[in-house]
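Novice: Dropping the sequence and predicted coords here.
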Amino acid sequence: MSKKEPVKVYYNSACPVCKAGIESQKGKMTGCSIEWRDVHSNTQLVTEIHAEIEQVRERLHVVDERGQIHIGFDAFLVIWQHSPQEQWKAALLGLPIIKQLGRIVYNLFAACLYRWNRAKKHW
């Protein structure tokens, strides 16, 4: 039986909102097989997912245990699926209509947050 790869989360700690969210999520997932990869402290990490740094600064990226890349709201669903306390959230928010609405809301929020971070010169 082959060993599953750990889930890898690519995030931007230069964004104070993102950093706070990731720190909170880490606290809920102690003991889970998750690798947290901060692209602000090491911009070369984006090459692992064949992305540009600005893409990861704007939207969360996750590589699941099968090596598939998930971006934005879908990335959160993968994280919640692996969080013992939040699997219910992944199941509920992963339902078709709710998932589509979640993607729209996430993308709008991420775009605004990205512009705010750029204006504040966080990177």
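Specialist: Yes, it's here.
Novice: Run through the residues that contact residue 86.
Specialist: 28, 79, 80 (CB atoms under 8 Å, 6 or more residues apart in numbering). All C-beta atoms are positioned from the backbone trio N, CA, C, and that covers glycine.
Novice: tally of neighbours for residue 33?
Specialist: When neighbours are defined as other CB atoms under 10 Å, residue 33 has 12 of them.
Novice: Was I right to think it contacts residue 9?
Specialist: No. Contact criterion CB atoms under 8 Å: residue 33 and residue 9 do not qualify, at 11.4 Å.
Novice: quick one on the thing from earlier: hmm, which of the contacts of residue 86 are the buried ones?
Specialist: In the contacts of residue 86, burial by neighbour count holds for 79, 80, counting by 16 or more other CB atoms under 10 Å.
Novice: Turn the contacts of residue 86 into a markdown table, columns for pLDDT.
Specialist: Below are the contacts of residue 86 laid out as a markdown table (pLDDT from 0 to 100):
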| residue | pLDDT |
| --- | --- |
| 28 | 90 |
| 79 | 97 |
| 80 | 96 |
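Novice: Which of the contacts of residue 86 fall within helices?
Specialist: 28, 79, 80 (DSSP state H).
Novice: ok now do the first one, which residues does it touch?
Specialist: Residue 28 makes contact with 83, 85, 86 under the criterion CB under 8 Å, 6+ apart.
Novice: Let me have these in JSON lines, adding secondary structure, pLDDT and distance to residue 63 as columns.
Specialist: Listed next are those as JSON lines, based on DSSP: H, G, I helix; E, B strand; the rest coil; pLDDT from 0 to 100; distance: CB to CB, whole Å:
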{"residue": "83", "secondary structure": "coil", "pLDDT": "94", "distance to residue 63": "16"}
{"residue": "85", "secondary structure": "coil", "pLDDT": "91", "distance to residue 63": "22"}
{"residue": "86", "secondary structure": "coil", "pLDDT": "94", "distance to residue 63": "19"}
